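Asks: take this sequence and fold it.
(chains A and B)
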2 protein chains.
Amino acid sequence: MKVAFIGASGHWKYAVNGIKTEDELQICGVSPGSKGEDISPLVHELHKDGYAPPVFDDYTKMLDEQRPDVVVVDNFFSDHAHVGIAALKRGAHLFIEKPIATTLKDLEALYRAYEESGCHLAAMHGLRYAPAFYTAWSVIRSGDIGKPRLIHTQKSYRLGSRPPFFKHRHSYGGTIPWVGSHAIDWIYWFSAKRFRSVFASHSRQGNQDHGELETTALCHFTMEDGVFASASIDYLRPETAPSHGDDRIRVAGTKGVVEVRNGDVHVISGVEGVRKLEPKDPGNIFQDFVQHIRGHKECLIGAEDSFYVTEICLRARQSADENRVVELSR
Amino acid sequence: MKVAFIGASGHWKYAVNGIKTEDELQICGVSPGSKGEDISPLVHELHKDGYAPPVFDDYTKMLDEQRPDVVVVDNFFSDHAHVGIAALKRGAHLFIEKPIATTLKDLEALYRAYEESGCHLAAMHGLRYAPAFYTAWSVIRSGDIGKPRLIHTQKSYRLGSRPPFFKHRHSYGGTIPWVGSHAIDWIYWFSAKRFRSVFASHSRQGNQDHGELETTALCHFTMEDGVFASASIDYLRPETAPSHGDDRIRVAGTKGVVEVRNGDVHVISGVEGVRKLEPKDPGNIFQDFVQHIRGHKECLIGAEDSFYVTEICLRARQSADENRVVELSR
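Replies: Down below sits the predicted model:
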């Protein structure tokens, strides 16, 4: 199975880490996917790991010459969809950075290409594979906390100094789709409910010369059956914090509460009361994706989920831009 | 200084605890304030503490005969305003359970009575006096985390079995004004910003035969200067949890983050990075109120704050009832 990389602007390491442990995967080429994109960190990492794939400067040329089976798409965020379409049209399965599109129009075009291709597609919602989150999700699936009723999620990152393409909405896409997509994905994945409406807000204040990048965002979702969910999103995590991100979820259900905080899983339910669970590792996201393509298993992130969550992210951004409730009917 | 109690349906213990340590306060009477209200727990507690005040069954009679200087109002929640007005009209200072009114009309009438009385009024926002919250608020006041930009609050209670008046909106007022008022008060107090809009949701699902009581609620506030705040409110805390309530706040500012969780105060800021602070006790809420009346100090809860926070609670409830954004212009 031949794998090509287009771009190195997000979580390409998911794929590199997965390939390392898979003997039957061959890296057939790497290329930038956005104008001015620097893929040297990827090339450097591959060399370090003993890979020396051909480097292209035109990804369409690479796709036509190398005919990869799988393409890892990870460009400036607004290019995910265009590059993804080019790969799907050539029959490649897509492992694609989220948000998989930064406009609803691009999302629709990508969906059409996906439908016509017969290929698999999974967005890089890598935090489904973070052991604590996977374990908390398993608790909910077991029925231990009853029916989820109220969910709060948090994404808090250090801002640091971001590449120039983060500073423009047209290339970055916005903080709700970029940082918030993880939280929105958790809400959907944990609740197993469709979204009904969103009210969101975002602000650029305090973004330390990051142009149009939003420093803070808050989303309020109503879901099927009167389940409610919030997402608190910020780039305000201090540089002196002990980690880059502070990812959290709390789900209150009819029979208990489950939480992830600081990489730990806390549950209160049943007669046992409070417990801290040992996080279970579900394995590497890219390996899971490859095994899905091989027909060995259903991977944790479906294509439909990838499209749906991206749509909700873009609707949430629209709500924040237009300062109004956006109904989510489908 | 003569103190009378009208009702015993909420946090009357704040006042009893304060009186115990004040030699110059005399309890001149106790009475129910709502039809069918049981004040025996209050009478019992006072007897236990060595007080034997006269017990009235008509609070207006008590007010006219005993002429208290201070009245503690703590009835079925929809009666707070009416009873409060009766006390203010007789020139008594009001220590009054929150929400101080359950309709905007009652709130306006109470405000008029307050203005005409020249008396002091403070709502029982007792959680301003919870050491961890007071300490976190002091951190923000010190400027240590810079300007607050994003706030999340949580109120989670055990439901247990509530008195019958909780089951009816007309007597209970709703979960946003009752449980949520603490969270909304923190948001206002911590941010020191006026509210601009609210979008809220609430649901009665899973309320275990508690009639119209809402089990879950979620509020999304936009504040002045693009500060955003959420309040997650529920009665889903399991019976086996280690405490009745799980109160939290997290404030992310331009220079750091402060949090209260499990009674602890966590700060990340400056060169020191992560710290856990020793909570400072600001003393008893009722003593603070009495010292304010005596002119000795400014108490932590002003009358204007009490009215404003109640108004925001009622507007949030309206937003949830009507499923729309409510603008908060004043």
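Asks: can you pull the buried residues of the top helix by length along chain A?
Replies: Longest among the helix segments of chain A by residue count, using DSSP state H, is helix A:303-322. Residues A:303, A:305-320 are the ones in helix A:303-322 that count as buried (16 or more other Cβ atoms under 10 Å in any protein chain shown). For the C-beta atoms, the positions are set from N, CA and C on the backbone; glycine is no exception.
Asks: could the C-alpha coordinates of stretch A:154-170 be exported in PDB?
Replies: What follows is stretch A:154-170, C-alpha atoms only, in PDB (Å, rounded to 0.1, in the frame of the first residue of the first chain):
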ATOM      1  CA  GLN A 154     -12.800  22.700  26.900                       C
ATOM      2  CA  LYS A 155      -9.900  23.300  24.500                       C
ATOM      3  CA  SER A 156      -7.200  25.600  25.800                       C
ATOM      4  CA  TYR A 157      -3.900  26.100  24.000                       C
ATOM      5  CA  ARG A 158      -0.800  28.100  24.300                       C
ATOM      6  CA  LEU A 159      -0.800  30.700  21.600                       C
ATOM      7  CA  GLY A 160       3.000  31.000  21.100                       C
ATOM      8  CA  SER A 161       3.900  32.200  17.700                       C
ATOM      9  CA  ARG A 162       1.900  30.700  14.900                       C
ATOM     10  CA  PRO A 163       2.800  30.500  11.200                       C
ATOM     11  CA  PRO A 164       1.600  33.400   9.100                       C
ATOM     12  CA  PHE A 165      -1.300  31.500   7.500                       C
ATOM     13  CA  PHE A 166      -3.000  31.400  11.000                       C
ATOM     14  CA  LYS A 167      -3.400  35.200  10.800                       C
ATOM     15  CA  HIS A 168      -5.900  35.200   7.900                       C
ATOM     16  CA  ARG A 169      -9.400  33.800   8.000                       C
ATOM     17  CA  HIS A 170      -9.100  32.800   4.300                       C
END
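Asks: buried stuff in it?
Replies: Here stretch A:154-170 shows A:154-157, A:159, A:162, A:165-166 as buried, counting by 16+ other Cβ under 10 Å.
Asks: between all of those, which two are separated the most?
Replies: Spatially, the most separated pair among the buried residues of stretch A:154-170 is A:Gln154 and A:Phe165, at 25.3 Å (Cβ to Cβ).
Asks: now the longest helix of chain A: mean pLDDT?
Replies: Confidence over helix A:303-322 (mean pLDDT, whole number) is 98.
Asks: give the contact list for the residue lying closest to A:Asp247 once chain neighbours are set aside.
Replies: Distances taken as Cβ to Cβ, 6 or more residues apart in numbering or on different chains place A:Lys155 nearest to A:Asp247, at 6.1 Å, with adjacent residues excluded. Residues in contact with A:Lys155 (Cβ atoms under 8 Å, 6 or more residues apart in numbering or on different chains) are A:179-180, A:182-183, A:231-234, A:245-247.
Asks: the one helix or strand A:Lys155 maps to pairs with which strands, and in what direction?
Replies: Here A:Lys155 sits within strand A:148-156, counting by DSSP states H and E. Sheet pairing here is set by DSSP bridges, and for strand A:148-156 it gives strand A:228-234 (parallel), strand A:248-253 (antiparallel).
Asks: I'd like the next helix or strand past it.
Replies: Next element after strand A:148-156 (DSSP H and E): helix A:169-172.
Asks: and the residue positioned nearest the centre of chain A, how far from chain B?
Replies: The centroid of chain A falls nearest to A:His125 when counting by Cα atoms, centre = their mean (3.2 Å). Look at A:His125 and chain B: by Cβ to the nearest Cβ, to the nearest Å, they are 23 Å apart.
Asks: isn't that residue right up against A:Thr310?
Replies: No. With contacts counted by Cβ atoms under 8 Å, A:His125 stays clear of A:Thr310, the gap being 10.0 Å.
Asks: chain B contacts on the stretch 51-200 of chain A?
Replies: A:146-147, A:149-150, A:152, A:154, A:156, A:199 (Cβ under 8 Å from any Cβ of the partner chain).
Asks: just the buried residues from the residues you listed, in PyMOL please.
Replies: Here is the PyMOL selection string for the buried members of these, based on 16+ other Cβ under 10 Å:
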select buried, chain A and resi 146+147+149+150+152+154+156+199
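Asks: against which helices or strands is the host helix or strand of A:Arg112 packed?
Replies: For A:Arg112, the host element (DSSP H and E) is helix A:104-117. Where contact means 3 or more Cβ pairs under 8 Å, 6 or more residues apart in numbering or on different chains; DSSP states H and E, helix A:104-117 is packed against helix A:80-89, helix A:303-322.
Asks: put together JSON lines for these, with distance to A:Val271 on each row.
Replies: Formatted as JSON lines, the helices and strands packed on helix A:104-117 follow (distance: least, Cβ to Cβ, whole Å):
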{"stretch": "helix A:80-89", "distance to A:Val271": "48"}
{"stretch": "helix A:303-322", "distance to A:Val271": "35"}
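Asks: out of these, nearest to B:Ile293?
Replies: helix A:303-322 (45.4 Å).
Asks: tilt between the closest one and helix A:80-89?
Replies: Relative orientation of helix A:303-322 and helix A:80-89, computed by axes from the mean of the first three to the mean of the last three Cα atoms, to 10 degrees: 160 degrees.
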